[in-house]
Structure formats: structure tokens, C-alpha cells
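Visitor: sequence below, structure please.
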Amino acid sequence: MVYDYLTAVGYEDPLRVQQEAANSDLSCMVRFYSERPVNADQQERTLLKGVFSVRKGKTQLHKWAERQVMLCGTSLIVASVKDSLTGKMHILPLVGGKVEEVKRRQHCLMFSSAGPQAQTYFVNFDTLAEYQRWHRQASKVVSQTMSLVDLSCYSLEEVPEYLFYCQDVTHLNLRHNFMRLDVPGGLTNFNRFSQLRSLNLSHNGLCVFPESVCEIQGLTELYLSCNGFSAVPVQIQNLLSLQTLCLDGNRLASLPEELGSLGQLCCLGLSFNDFTQIPGVLERLCAVDKLSMAGNLLETLELSSIVSMTHIKSIDLRLNGLRHVFASGTLEPLKHLLQLDVRNNHLTSLDLSSISSLETLQCQRNQLNSLTLNLSTVNIYPVPNQLSHMDLSSNLLEYLPDWVCDSRKIEVLDVSHNLLSELPARLLCSMSLRKLLAGNNRLERLADLLDHVPLETLELQHNGLRELPQSLFCKALNLKYLNVSANALETIPPSSQSEESLSTLQELYLTGNNLNENCAALLVGHHNLRVLHMAYNQLLSFPASKLSKLEALEELNVSGNKLKSVPSTVSSCKRLHNLIAHSNQINVFPEVLGLPEIKLVDVSCNEQTEILLPESLPSTLQELDLTGNSSLMLEHKTLNLFSHISTLKLDQKPSATSGDVQAMSTLWDHGYAEMCGQRNKLCVSVLAVDRFGDSTEAAYGIFDGDRNEEVSRLLQCTMGDVLAEEIQHSSVDSVYMCNTFLTSHRKLGMAGQKLGASALLCYIHHESSEPGSYFSLTVANVGTCQAVLCRDGQPLALSKVFSLEQSAEEMERVKLAKAIITEDNKVSGVTCCSRLLGCSYLFPWVLPKPWVHTEPLCSQDEFLILGNKALFQKVSYHEAVSTVLAVRDPRAAAKKLCTLAQSYGCRDNVGAVVVALRIGEDSCTCDPPILIGESRGLLAQMPLPISVSPGDPATPSSSSGIASEFNSEMSASEVGSEAGSTASDEHPSSGPMVRPERRCSLHPTATLCNPGPLPGLGPGAHTALFQRQPSSATFSSNQSDNGLDSDDESPLEGVISNGSKLEVEVDIHCCAFQLRSNPPESPKDQDGRHDSRTSDYPSKARIQNSVVVSATNGCLLAVCGREISDLKKSPSTSSLFGKKLSNGSVVALEDSHNIIEVALEAPKKKSGYFAAPAQQDPEDQLIIPPSLEQDVREQLKGQSPVVPGPPLPSTPPSTRDSNWDQLHPPVPGLHHPTTLQQDVYDTAL
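Guide: Presented below is the predicted three-dimensional model:
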């Protein structure tokens, strides 16, 4: 059973299926549908029983006696004889009653029923645990307002026998079980529930309609969805009191005529069955007012068939494959039909002339192959005067017919995403229209308003408007929302024609026009304006006097202009919550930190140099973005003042040890942006690793939890590690990407049962199997996150949208699985996606198996865009590509994409990642090998390569969407120990030698771990390059309160500590460290050091700063070869440490950091997600005079080294690395790299 489940989820390899089946985490995925049924009496949640001391009544007339007691359903059941259930049973109904603690007796409860004839029982329990369990369960029962027993999702085959004693049960929920008929607690005995009114047996796999249910004549509600039966028995006529009958998700093709005798039936669910026509028995069901037949097999709807069904007010025929809706002959007007839903069909024409009273029409997505409705016109006669809501969006309409303007009661009209070039003047002057959505059309002008209109919402974004009617704000006095972004406006209408303005406008979106600062004077009349977006216009300044009059302003977005500053009068906007002013030329920090309600300030990508702060900051400030201000210098006093800010984003400071890294050709870099919109929490997370595995790989991802933030954060923390692990198991892109998603799905655990997230993962790697292609991009996704590649200036979609609205294939699969798709196109009303990570309880309808696609990269590929659903709903592929092409800088481009989405009306979380690609032959930096025997001095100028196993999983990069936040107890010296230099001692060797060939990212060596021996060196030399970059994390220290040790006079370069939470963009992803050598003094010194490495003890370490350096070298040696597997098993390296991100998530630290802790014998973690040893102050470090070196060496002989390296062989034996699968024989005259271990002095001496 488990094997079948794993195969259905997406695993294909039989061996991998066997491995996954043994995983304990699997229970979190299969418990809802694939768990083996259990006996109801074995579950505490359905039944509590035991032998306890019981006394009846409140008086002392009754004595205490040992009796069998059960708490089942809604009643307390007490046996009349001890340890026997054959005698009389005393039933005490608890609904509406009470349960109280008896204080004069230990572990005693008093149970009382409701009503004037209430009875009371005292039960004395033996243990505290039993007392608490019974008290908790009984309290739930007595708090109910009706006699409801909920046993859903219990894996039951029958109900407990004692439940039949609860004669007051009126509602019984048994959905998602495995109920049987012919067992003592099965469905055949349900007629014993004399008071039962509602029974839910959905999702029980019955396969046959349970005829015994028809004997419960008091039933008013019966739910039998998703049971797979194909016929309804004639005994259904016995349920004369039935009002609701839900038969959705079965295989019904017809209904019995006897169903027509149910005169009280008012709600009948027939969706997602196999009906090919509307059942005739519905004509007799006069109380049914809605025909729910979505997801059936109707291809033709003849309106004459529903003429006689005058009681039908609403018809739902979604997802039927309808091709024709017609009226045969002369048909009388259908005056009773008010609502018609024919979405997601195959209609090419629609004749609604016979429906004169239609109020709501939904006909979107009727040409499913292009996701548009193939209608060039809609002709309706006579005019539907009762029509109030009409949605014709996403079609090919070139003009609106006149009858739309003649509809007297139309209030909402959606004609967005069409080909309209003008709107009728009568439409704008309609006295009933309150909401007009006409965005994404071809409008160039609007007709003037001749009279006052009740219009409240007007969307005109993404058109070609050059001006707006001058009377717009004067005539539309009720207008509260106006969006005219992405047009060609150079000015806006005045708020009024007189000094006194009556404008009620609250939200105004003007992004992406040609407006200048002169427009500010036209805004002051909108006294109620709360939201103002003027991003990406031609503003050189914002008049201070005009801004001061917008006192009700809560959100101001002036990004992407040429502002030098934000006026100081912004302090007059006391209600301001959000100030977004990125991508300008602002050099003075806005005076908004004194506002009492400020929450977000974004001044990234500007020219900030300093920040002038008030004495105290408002406690409401939650996010401050200062990235992209290269000249900004922050003092420690300033950082301490920011201590309460939950998200502080700062730039990464350049590292002094990254010279060679910067010299290498950069093939890609990235920028990202996440905006929560009008939500209170951010549910979008980003994973971005520019150096994944080795320098020739990268990984980027975006995760959207829709309305939950937990799953997206978990995926952000774990998916990079899972990918690194799966790459080691398989080299086939479709295999390791698919397994990455499936493993991440399993690792969600309990969080993935009811919650889910869309996920997209991109992996850039060298494709060694294709010599003509340097790199390939492998993309995998589930849900609605999307990836677009810009090739030759044109968008190339790389992902597949797994949405029921956009994928006919997935819609058909879900329909065949008999899922219930609600009217908002969601599976069981939960999600619109057919594939997600998480939501395991929706299996088999929602699967975690991803779409995988590999695209070879070429020099014409300019950049990659990753975005969530909210981004690409508002910004098309072409607009996204053109936007990034115009900006170029990845960070500023990502910010602009999110800003545009919000300006186009997006209110949800929006996230974007832009990856700039620079792949071409001009990036090649390969050098030919050079003999060093002729010039030994060259050796001192290059790092000695040492190879390492690639098994270390990469973790998310803080410089790429993961913001590191420091604990307030962190000290700068601790950060210094993590971000310090990793320079190493020299590693020269005697004899002629070939310098390792420098390879660029375009032409890497064939093997990562063992690139092969160098010419003239033999197979013992390895050329894999190590590199370490500074990392940041959450540390704990008790040394000081301000984040610095008392002896520190200045902050460490590249690290800023504010004494609290601080975001530092630092790349912490590396699988190796880069060792550097200093030039030797002379060849004699080189020989001396060489000889010392062959002795029993390593050479002496350099004093002071080299103490840490030597420890790092020892760490490197411990990593090499088989040592990496042992380190991973140690508690220090296998424990899940974490790092808090800007959006609250926790990310595991890289293995390299854990290895450093092992090498340094780090002290036990104290607090926080993880801790690291503090860097020693110069005064505390051990300085060894040359005259005492020998004495110290003698004292250290008996001590164990801090980092035990591999044993130093006296004669170099042949070695075989488990990770390389090939022998490495020794080379005469050249020692194995593992013999380069140096002595590490313990600074505690």
C-alpha cells in the first residue's frame, strides 16, 4: 500500500521507493487517506473508559462503588455492575450540562446533565493524568450547543458500540473514514439513532449507496460525496424529511423517478458526476432553486429543457465541456433564471436573448486552449434590465455593445484584458454603475462626464491614455479608487473647479506615466487621500508645501524618480505607515522616524550618506531597507537605536580577503524583492545561492505560501540542502529535481498536512555531457510560481502553471479523481493549484510531483526572472522583460517589478528574483600550466589547491533574499571569529613542479572533487579550489550590552553590529575554503618548513593572528576525504542550527561553519539558534617568543591536538578516497596534501 502511494506521489525508481517507505516521516503524508483502518475502541479520542469509584446524586444517600464508566459521543455511560456490561446501563447526556471539579476529593469530577430533571454522577479517578484527560474531553461535550459527534478522519470501519447508547445524537460526522455495512458498529445499525438529523458519510469509499441509511426517516441532511457509487436506490423515497442531499463526486449518470417524491428537498448537489443531460426528475423537485451540475459531461444545453423548471433561479454548469447553448424554435423568455455560470467550457457562441431577467453572468475561459473566451460580440435581446454584475474579462472584445449601456441596474462591469479602443459615453454616465474595470485594453481617451455619476471604483491601468477628462473628479464625487498606472499621462485633472473640494478619493495610483512635480499642486484638494503611488514618473522634486496638506496619507510610493530628497514636511503626515522611495537619488534620510505610526521605510538604491535620528524611534517601525546605498556609514549609536526593528536590511561590506574572488569572472549575480502589500505578514520566501556547490553552479528559488508563512520558510531553509544531497545520488536532471521536491514535501512533516506552498527551483550547472553547451538551466516547479528567461530580448517561459484555471490537463486529472471543485475553482475549496508542496491531506487530487525542464544557456541569455503568482498576474512576461532590460541592475529591477505589480492593483504578497547572466566566451580566464622549477617564486603568489568532498550541502545565501539577523547579545568579536580572514601558511614543495592550471567557470575541470593529477605531478596532487566567504549568524554572548567588547575600539571591517537584530547581506555558501600563502623569505626557509612537515610534529604556527588561521587549516585537513562523513555524524555538525531571516524564517548554517566549531573545540552552545566561539582579543592571544618555542613544543607533546588530522605516514602508502573511486599513489618527492597539517596552539594556555 505504501509503495503504491509513493508511486502515485511521483517516485519512479523502485529502489528509491523502498528507501522512502522506510522513512518515519511518511506517516505525516499518508495518515488521511492511506492509513490502515483501526478499531474504534482503541482510540482515546472516540472513547474513554475505565473502572472507577462512582457515586450517584448530590446527597449522601448513595454510596461509592466501583463501576465501569465510559465517555462516548455526547453521554456518560455508567454500568450497573462492576466489570460487566451485561446489566443495566445508566446514560447521562452531557450536551448543555456541566462538568466540575470536586475540591474536597482528590481527582474527582462531577458530571451533570441539563434540564429540570438533571442527574449527577461523581467519578473519582486513580491518577492525575486520567483526571485531566476525562475533564478535557467532557468539557468539549458540555460546551456544544447541539448534540454533535465529530468522528471525521479517524480511520474508522465502524463506530464504537457505546455510541448507540447516546440517544440524543442529532448530528454525526463520519467523513474521511472507511465505514462498512455488515459490522456491529456499521451502517446497517444506524437506524438505532432515533434522533439523528444530519449524517455525513463523504469520502468513505463505499462504492455502493448505503440503503440502510434510507431507514433513518428523520434525516434532514445527507452527505454522500466522493464514494464512487453509480446508482441511487428507489428507497430514497423513504426520506420524506430530507432537505439537503449531496451526491457530488460520484459516478451517477441518472436519478430515479422516486426522488421526485421528496417535496422538502431544497438543495441537491450533482456536481462532478457523469450526467450527459439535465435529469428530468428535477422538474418535480419544486423546492430546489439551484441546479449544481458542474464537472459533468454535458456538451449541449438546450434552454427549452429548463423552461418548465420555473423554480430554478441559478444554474452552475462549469467544467462540462459545453460547446453549444441554444434555444430550439420559438422560446418564451426565461424570466425565472437570474444567475448563469458557464465558465471553463468550449463555447464559441452564446445566445442569451431568451434570458431577460439575468442578473449575473459568468462566462470566462471558454477557449481553454488559449485561456480566452472566443467571443467577438455578445448580443442580448431584449435588454436584461435586471443584470447587476457582468464579467467579460480576458476575452477578445473590440467594442462594447449598446445593450450594456442600456442595462438599468448594472453595478459592476469587468471588461479588463480585452481589445477595447474606446468606452461608450453612455456607459460612463450610467446612473447605476459603481465599479468599472477596464484595465489592459487599448483605450486612448475617455469621454467627458456630463453629469454627476455614482462611480466609486475606476481601473484604467495599462492603456494608452494621454489625458483624463477634466471633469472626472468634479462629476464623480463618489470616486474612492482610481488606477491609471502604465499610461502616457502628463498631467491629471484638478480635484475641483473651485477652491473648495468635495473629493472623496482615497486611493490614487499614477505609477508609470510622464508626470512631473507640477502635478503635486493638483493633489492637495484630495483631503481624504490615503494611498498615493507616483513611482517611475519624471519627478525631480515634490513641493514641500503640497505634501504637508496631505495629512490623511498612509502610504506614499515615489520610487523610480529623480528625487534628491523627500520634503521635511512629510512629518506633517501623522498617519503615514509606509514610505517607499527606492531607486532615486536621495542623499538625505527622510524625516519620518518621528512619525507615530510609521511601519516601513524603503530608501534602498539611493545615495544615502548619513542618517539623522531623533532621540527615540516609534515602536511601530518594523522594516527599514537601506541596501544599495554604497556611501552610507552607520555609527554604533545609530545601530543601537534600530535595535527594536524586526527587519533591518543593510549592504554587505567588501571583504579584504576576496581579491581573487572578485578577479574571477562573474557569470551571474542576483537581486530580489519581497513586499507584503496590504497583508500583515509576508508569505513569500526567496532562496538564492550564487555559488552553489562550486563556483560554476548556482541555485535560485521562490516559495509562495499564499496565506501561510510557515511552509514557505521551511522550504527556504531546507530545499537547498536537499538539492545538494540529491545531486550526489543522480546526475539526471529530471530525477534529482523531482526527488528534491518530493523529499522536501516529506520533510515538511506535520506542517505539510494541512498547509502548502507553490515552489520554483532553478539550478544552473555545467553540462559536461554536451560539449557545445557550457551551462544548462534546470527548472522545476509546482503551483503558480513562474520563471522567465530573457533570450535576445524576448521572454522564454521555463515553467508550467499548475492552476485549475490555466491547465486543462490538470483540470481533467482532478475531475477524473472526483475532486470537488468549488465555484472559485479551488480543490475542495482550499487551493486553486493541482500541484503543491504540502497539503498532503488533498492527495490524490493535489500532488507534489514537479514539472522539470532543462534549457541550455547561451551567450544570448541576458537574465532570468522568478516570480510568484501575484507578480505575473499583474505584470506580463513581455513587460517584465522590458522592465528589467531598462533597469539592468538586478536589485533595482526586482524592486521595480514588485512596485509595478502593487501599482496595478496587487494587494497580496509579491516576490521577484532577477538573475543577471553573463555567459559567453569573453568570460574565459583559463591559464596554461607553467613549470615552477624555473621560477620557484611563483609558488608564493598562488594558493595551493586542496580537494574536498562535495557532499556539504549548500545553504541559502543571506545576500540573496535571506537576511541575517543578530541577537542583541552578540559581540563584534564573535562576529569577527566568523567573518575573519582565512589566510593560510605557505605550502611549498621541493623539486620541479607544474603550477596548477587556473580554470574559469566556463571551462571547469572535469571532476569537482578530484580534477585529476596535474601534468608532471602525478595523481597525488589535487586542483580543486577552496574558497571561504564571510558568513553571518545569530550568536550569544554575555560580554557587553551594545554588541561590542569593551576593548574594541572600532567595528570589524565588513561586519556591522547594532546590539540587536541586524540584517547583513553576506554570501555564506561555500563548500571549501581558499588557502593563501605568503612569499617565503628564501628557498632555505622553504626547505626548512618542508622538512618539518615530514617530522613527528607540524611546523610552528605564526603568532597572534595565525592562531585562528592554523585552526582553519586544521579544519580543512579534517574535511578532506573520509573525515567529512565523520564530522557530519557529530552532534556539532548534525544538529539543526538556524539563522533568523528578515521574514522570520530560520535557515540552517552551512556545514563549513560547524566544521570550524569542531576544529576549534567550540564551547557548548548557550542560547539562540546556534553560537560560535568568540574571536580572541589580541591581548588574550598567546604570543610565543622564539626562544621559548622549543619548550612550548615539548609541553604540547602530551596533549591531544584540537583538530586531529589524518595520520602522517612515515612512508607514503597508496590511498583510495571513498569519494573519488580511484587510487591515488604517492608521488616521489611530493607529499600528500593531508600531510600539510600544522600545529594549533590552544589560546587558553
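Visitor: can we go C-alpha only for contacts and neighbour counts from here?
Guide: Noted.
Visitor: and the protein, what are its domains?
Guide: Following the TED database, the chain resolves into domains at 1-46, 48-143, 156-288, 667-923.
Visitor: among those domains, which is the most enclosed?
Guide: Each of the domains of the chain was given a mean neighbour count from mean count of other Cα atoms under 10 Å, and the largest, a mean of 22, is that of domain 667-923.
Visitor: hmm, back to that, pipe the domains of the chain into TSV and attach mean pLDDT and distance to Phe542 per row.
Guide: As requested, the domains of the chain are arranged in TSV below (pLDDT from 0 to 100; distance: least, Cα to Cα, whole Å):
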stretch	mean pLDDT	distance to Phe542
domain 1-46	71	56
domain 48-143	86	60
domain 156-288	91	57
domain 667-923	90	19
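Visitor: those into CSV, with extra columns for distance to Gly560?
Guide: Listed next are the domains of the chain as CSV, based on distance: least, Cα to Cα, whole Å:
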stretch, distance to Gly560
domain 1-46, 45
domain 48-143, 57
domain 156-288, 50
domain 667-923, 8
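Visitor: could you identify the longest helix within the chain?
Guide: Longest helix in the chain, counting residues (DSSP state H): helix 710-729.
Visitor: strands of the stretch 451-600 of the chain, start to end?
Guide: For the stretch 451-600 of the chain, applying DSSP state E, counting those that start in this stretch gives strands covering 457-459, 481-483, 507-509, 531-533, 555-557, 578-580, 600-602.
Visitor: and of those strands, who's closest to Asn441?
Guide: Taking Cα to Cα, strand 457-459 is the member of the strands of the stretch 451-600 of the chain nearest to Asn441, at 10.9 Å.
Visitor: coming back round to it: which one of the domains of the chain lies nearest to Leu550?
Guide: Going by Cα to Cα, the one of the domains of the chain nearest Leu550 is domain 667-923, 19.4 Å.
Visitor: nearest to Val415, out of the domains of the chain?
Guide: Of all the domains of the chain, domain 667-923 comes closest under Cα to Cα, at 15.3 Å.
Visitor: tell me who's in contact with the residue lying closest to Ile586 once chain neighbours are set aside.
Guide: The shortest distance from Ile586 to any non-neighbouring residue, by Cα to Cα, 6 or more residues apart in numbering, is to Lys564 (4.3 Å). Residues near Lys564 by Cα atoms under 8 Å, 6 or more residues apart in numbering: 540-541, 584-588.
Visitor: let me see the contact set for Leu270.
Guide: Applying Cα under 8 Å, 6+ apart, the residues near Leu270 are 246-249, 292-294.
Visitor: and the helix or strand that the longest helix of the chain is followed by, what other elements does it pack with?
Guide: Following helix 710-729 in sequence order, the next helix or strand is helix 733-747 (DSSP states H and E). In terms of contacts (3 or more Cα pairs under 8 Å, 6 or more residues apart in numbering; DSSP states H and E), helix 733-747 is packed against helix 710-729, strand 775-782, strand 837-838, strand 851-857.
Visitor: picking up where we left off before, turn the contacts of Lys564 into CSV, columns for pLDDT, distance to Ser271 and neighbour count.
Guide: Shown next, in CSV, are the contacts of Lys564 (pLDDT from 0 to 100; distance: Cα to Cα, whole Å; neighbours: other Cα atoms under 10 Å):
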residue, pLDDT, distance to Ser271, neighbour count
Leu540, 93, 59, 16
Ser541, 92, 59, 17
Asn584, 94, 55, 23
Gln585, 93, 58, 21
Ile586, 93, 59, 23
Asn587, 90, 62, 20
Val588, 90, 62, 18
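Visitor: out of those, which is nearest to Val830?
Guide: Checking the contacts of Lys564 one by one against Val830 (Cα to Cα), the nearest turns out to be Asn584, at 41.5 Å.
Visitor: that closest one against Ser541, yeah?
Guide: No: with contact defined as Cα atoms under 8 Å, Asn584 does not count as touching Ser541 (10.6 Å).
Visitor: and Arg180, what does it touch?
Guide: 157-158, 186-187, 206.
Visitor: over to Thr620?
Guide: 596-599.
Visitor: pull out the buried members of those.
Guide: 596-599 (16 or more other Cα atoms under 10 Å).
Visitor: export those residues to a markdown table and tack on distance to Tyr672?
Guide: A markdown table is the format used below for those (distance: Cα to Cα, whole Å):
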| residue | distance to Tyr672 |
| --- | --- |
| Pro596 | 29 |
| Glu597 | 27 |
| Ile598 | 24 |
| Lys599 | 21 |
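Visitor: among those residues, which lie within helices?
Guide: Filtering those for helices - DSSP H - leaves nothing at all.
Visitor: which one of the residues you listed is nearest to Ser501?
Guide: Glu597 (27.1 Å).
Visitor: test my guess that the closest one contacts Asn578.
Guide: No: under the criterion of Cα under 8 Å, Glu597 makes no contact with Asn578, lying 9.0 Å away.
Visitor: you'd agree Ser394 is up against Cys363?
Guide: No: Ser394 is beyond contact range of Cys363, at 10.2 Å (criterion: Cα under 8 Å).
Visitor: and Gln470, what pLDDT?
Guide: On the pLDDT scale, Gln470 is placed at 90.
Visitor: then Val1192?
Guide: Looking at Val1192, the pLDDT reads 67.
Visitor: Val453 too?
Guide: 89.
Visitor: for it, which non-adjacent residue is closest in space?
Guide: Ala476 is the one closest to Val453 (Cα to Cα, 6+ apart), at 5.3 Å.
Visitor: I'd say the one you found and His452 touch.
Guide: Yes: with contact defined as Cα under 8 Å, Ala476 reaches His452; the gap is 5.8 Å.
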